[in-house]
Each structure stands twice: as structure tokens, then as C-alpha cells.
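> One predicted model, sequence on top.
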Amino acid sequence: PRDFDHWARLLGDASWAYDAVLPFFRRAETHPAGPSELHGATGPITVAPLDHPWHHPDDASSFATKAFVRAAVAMGVAANRDFAETTAGVGCNDVNARGGRRCSTSAYLKMVGAYPRAGQTEAASPSGALRVELERETRRILWDRGGAVPRAVGVEVARRGGAVRRYRARREVVVCCGAVNSPLLLLRSGVGPKKDLERRGIPVVRDAPGVGQHLIDHLHVPLSYRAAGGVTPHSHSNICEGSMFTRLRPAAGDARGDAPDLQVHLGTVFFHPDGFNPIGEGFTLTPSLIHPRSRGSVCLRDDSDLPLIRPNYLTDPEGYDLKLLVDGVKLCRDLGRRICADVGATEVHPGPAVETDADVEDYVRKYVSTMYHPVGTCRRGDVVDAALRVRGVAGLRVADASVMPDIVGCNTNATCVMIGERCADLVLTAEPP
């Protein structure tokens, strides 16, 4: 909740505060705790804690996950059965699945009969209202520049093999390409920093300096363990089975108050820290930076129209990101020792050679990696307005992680779904052009 109330304060706009967006979260899900104030019971996406019978009657969570929860509780962390009620605490993760089958946003396509089956590259709903085409790349947005402001009127799409086709929009274009490709598409279409566009010979449709800026991403550092008897995930496991949310830094001066600033994941596979590669049985703890202060960018390369991503990890001037991850690793090593004593396991990485704070800092710098949660590159306020419309043009919205004005302190998937639900309402209630 505090993340969205933070958005509202940051933007001076209560329409994206927690109370305003909660109905869209509920509408998206079917949860065993719903219907309730916090959970839905009729949405397309099925969500339940991994130890709930919806996943498997005998509990799909691992003994390592249960030991993780016990160890955290022994360290004074509160047990948490529902991270929607409060973020702080430790517990089994909610998983988008049922009976071992993943339930992603493809559920929306299945709901209307427009989900492409194996071997298909196209599918359409029986009503004809929705058509899905795969193996396509949207190259640029098409414009009508005859009015007072440029208006998006369609897109140019390249098919596999190079054939190009143009699609016309009757009302508007909605871009949902993610925090890398949404700004890239805007830049290729002439919406972005004027000097950069002119330098690349792209006709300027709208000078928008914020496009591609303010890139934020969650980071984590793996700590890997081997158990004497091995760790074999349940066939219905999602591998990332447990989470702990806690706070390491004083709350004074933080816009989110005393909300957690560290998430720890428990994964039921041994991940090697170099490349975060799964290489066998074991378990992994990942202290994760959920409110980083470093900022990056996405822009076009000088020699092509592919993206140049500058994440700028661990570059905030105060060194906050690095210090918090170092303290997170130290906390997790204490947590890991308790788990090892409980289940008969051994820490492999970082291992006994990493002892001092300097050693831990070197380990963090060497093995820190992305959690693949980039946001903010078309952010609300700078690039889009409260209705997700791109500023300075007509007929164009963005609806994905790129519009987040700041990163949320948890996995970003559910928030992206909420943004999509919110955008659908905005489109349906908009006046025709």
C-alpha cells in the first residue's frame, strides 16, 4: 500500500493511490482468500500460496522453504500468511498457478478465445473483437500531423521474413512493450529527446526528454547452499518458494516510512552466483534491493535502432544501494547458518573465503544481478499523464512497467496487471476522437 500512496504524493494525484488501484488488483485474480477487501474471487488469474491445496493436496512447498520460515521467525521476523495484508514478514509466496499449471496473463486471451495454440502464429476471438499475431515486431507508430497536435493513427509492423504491414487504429494506440521496448518504440517514432532524435535523423514528432530516462531495477545477490540429502523441488513448485521482507535502514526521511527495504527470496535450486545459473540440487537465498536509488537509461544506439541499456547499477552518489546489499548478505548468512543447522546443509557461496566487510563488498560487486524488474522509462508525470496518455500527442497511451513513477517494493508482475486493468477502464470510458 505504501508504494502506491508514495506514487500519489510524488505526483500530487490521488487517482493512483492504494485505495484507488486496489479494485483493479482484486478484479484480476481468483484467490482462496477472496472475495474480501484485499482479494478477488472471479478474476482470470488464479493465485494462491504455494502450500495451499490448489497447487497440490500434499503441499507443493519444500522442506527448505519451511526451514527458511522457521529460521526467520527465530530471528524475530513475523510469520506472514498474506503479503497483501502486510508486506513485512516471512512466508510462502503466492504463485500464479493451479494444479501445477502456470496461470499468467495469457488467461485473459483464453477467457475470450484468442489464445494461439502450439504451432499457431495467429488467433482471433469468436466475436472478432480481438486478434493476436505472433512473430511480429512493431517498428514505429504512424502519425497524422494535420491537426493542432500529432495524432497516433496506427502502427507499422514487420513480420518474420521482413514483410511490413501497416495497421490503422480507429480510436487509439496502446503501447505495452515493457520498460525497454516501449521507450525504444517511442524513440523510433519521433517521441523523445529532440537532440538525440535529430542526431539520428529521426523526424521529431514530440520533444519528450523523459523518454528512456529514470530506469530503475531490482537487484539481488545469490547465496548458494548444498543440503546433505539434496533438495528436490515438488513437480508443482515455482522454485522461488518463499520470501522475507524486512527493514535494515532507519525509517527517518524515507518517503515510505518504515516499509521494508530488503526482500529475501528462498529458491529451491542451487544457483551459481556467476550468471545466476541453476546447476543442481540445493537452495539459494537472494537478498534483494527493492527500493534502489541508482538510475539508468534506455536509448537508441548510434549504429542501429536497437536499444542501448545503461542500468547504472550501484552508482547512487551516497552508496546506499551497495551498503544495503552488503548488509543484506550479512543478514542472509546469519539466516543461512540457522537453516543449515536445521536441515543439515552447507554454505558454498560466498563460502569461508569471504569474511570481512570488504570481502562481502567485493562479492556483491562481482555477483549482483538483475531481477528482471525494469520500470520507469516512460514514467507517469514525465512522459504520460494520469490517464496513461503520452503528453503532447493524441491517440497514444502506454500501459506497462515503464509508466511506474517509482519502483514497487515487491515483484512487479501484479502491478503491471493492475496497470493493464486500469488502462482498459480508461480506454472504455474515453470520449471517441
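That came through fine. Residues are numbered from 1 along each chain as shown.
> Now do the same contact list for the residue positioned nearest the centre of the chain.
Nearest residue to the geometric centre of the chain (Cα atoms, centre = their mean): residue 412, 2.8 Å. Residue 412 is in contact with 218, 373, 375, 401, 404, counting by Cβ atoms under 8 Å, 6 or more residues apart in numbering. Just so you know, the C-beta spots here come from the backbone N, C-alpha and C atoms, and that holds for glycine as well.
> next one: residue 402
Contacts of residue 402 by Cβ under 8 Å, 6+ apart are 178, 179, 182, 183, 375, 376, 377, 378, 379, 383.
> and if you look at residue 25?
Residues near residue 25 by Cβ under 8 Å, 6+ apart: 40, 84, 414, 417, 418.
> Quickly name whichever of the residues you listed is closest to residue 110.
Distance to residue 110, by Cβ to Cβ, is smallest for residue 417 among those, at 14.9 Å.
> Residue 91 - nearest residue in space that isn't next to it in sequence?
residue 80 (4.1 Å; Cβ to Cβ, 6 or more residues apart in numbering).
> what number of residues lie near that neighbour?
Burial of residue 80 is recorded as 21 neighbouring residues (other Cβ atoms under 10 Å).
> and it, what is it in contact with?
Taking Cβ under 8 Å, 6+ apart, we find residue 80 in contact with 86, 88, 89, 90, 91, 245.
> before we move on, could you check phi and psi at it?
When read as degrees, to the nearest 10, the backbone of residue 80 gives phi -130, psi 120.
> coming back round to it: so how far is residue 48 from the residue nearest to the centre of the chain?
Applying Cβ to Cβ, to the nearest Å, the value for residue 412 to residue 48 is 20 Å.
> swap in residue 204?
For residue 204, the distance to residue 48 - Cβ to Cβ - is 49 Å.
> Those two - which one has more neighbours?
residue 48 (22 against 15).
> Could you check the pLDDT of the more buried one?
Turning to residue 48, the model gives it a pLDDT of 97.
> Just the residues contacting stretch 418-432, thanks.
With contacts defined as Cβ under 8 Å, 6+ apart, stretch 418-432 is touched by 21, 24-25, 27-28, 105, 171-172, 174, 176, 387-388, 397, 399-401, 403-404.
> Show me those that map onto strands.
In this view, the contacts of stretch 418-432 that belong to strands under DSSP state E are 174, 397.
> Just the buried subset of the contacts of stretch 418-432, please.
Using 16 or more other Cβ atoms under 10 Å as the burial test, the contacts of stretch 418-432 include 21, 24-25, 27-28, 172, 174, 176, 388, 397, 399-401, 403-404 as buried.
> Most widely separated two among those residues?
25 and 172 (24.6 Å).
> how long is stretch 157-166 end to end?
6 Å (Cα to Cα, to the nearest Å).
> Return the distance of the residue nearest to residue 91 relative to residue 260.
In terms of Cβ to Cβ, residue 80 sits 11 Å off from residue 260.
> Give the residues shared as contacts by the two.
Counting by Cβ under 8 Å, 6+ apart, the contacts common to residue 80 and residue 260 are 88, 245.
> In ChimeraX, how would I select just the buried ones from the contacts of residue 402?
To isolate the buried members of these in ChimeraX, using 16+ other Cβ under 10 Å:
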select :178,179,182,183,375,376,377,378,379,383
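> Among the contacts of residue 402, which one lies nearest to residue 67?
Among the contacts of residue 402, residue 375 lies closest to residue 67 (Cβ to Cβ), at 32.7 Å.
> Tell me the bridge partners for the closest one.
residue 216 (DSSP bridges).
> quick one: contacts of stretch 247-264?
Applying Cβ under 8 Å, 6+ apart, the contact partners of stretch 247-264 are 2-3, 6, 9-10, 72, 87-88, 243-246, 285-291, 320, 324, 327-328, 331-332, 335, 409-410.
> Point out the ones among those that are inside strands.
Cross-referencing the contacts of stretch 247-264 against strands under DSSP E gives 243, 244, 245, 246, 285, 286, 287, 288, 289.
> Kindly provide the distance from residue 165 to residue 91.
Taking Cβ to Cβ, one finds residue 165 at 48 Å from residue 91.
> Between these two, which has more neighbouring residues?
When residue 165 and residue 91 are compared for neighbours, residue 91 comes out ahead with 24 against 11, by other Cβ under 10 Å.
> I'd assumed that one was in a helix, is it?
No. According to DSSP: H, G, I helix; E, B strand; the rest coil, residue 91 belongs to no helix; its state is strand.
> which residues of the protein fall in helices?
Along the chain, counting by DSSP state H, helices occupy 2-11, 18-28, 63-74, 106-111, 178-188, 194-199, 320-343, 357-367, 413-429.
> can you list the weak-confidence ranges in the stretch 151-300 of the chain?
Residue ranges of the stretch 151-300 of the chain with pLDDT under 70: none are present.
> can you tell me which residues contact the closest residue to residue 283 other than its chain neighbours?
Distances taken as Cβ to Cβ, 6+ apart place residue 64 nearest to residue 283, at 4.4 Å, with adjacent residues excluded. Counting by Cβ under 8 Å, 6+ apart, residue 64 makes contact with 227, 231, 241, 266, 268, 283, 339, 343.
> is it true that the first one touches residue 270?
In this case it means residue 227. No. At 9.2 Å, residue 227 and residue 270 do not qualify as touching, with contact defined as Cβ atoms under 8 Å.
> joint contacts of the two?
Counting by Cβ under 8 Å, 6+ apart, the contacts common to residue 227 and residue 270 are 281, 282, 283.
> Name the nearest residue to residue 130, sequence neighbours excluded.
In space, residue 130 is closest to residue 114, 4.6 Å off (Cβ to Cβ, 6+ apart).
> Give me the neighbour count for the one you found.
With other Cβ under 10 Å as criterion, residue 114 counts 20.
> which residues sit in contact with it?
123, 124, 125, 130, 131, 132.
> could I get those residues as a markdown table with pLDDT and neighbour count?
Listed next are these as a markdown table, based on pLDDT from 0 to 100; neighbours: other Cβ atoms under 10 Å:
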| residue | pLDDT | neighbour count |
| --- | --- | --- |
| 123 | 96 | 16 |
| 124 | 96 | 15 |
| 125 | 95 | 15 |
| 130 | 95 | 14 |
| 131 | 95 | 11 |
| 132 | 96 | 17 |
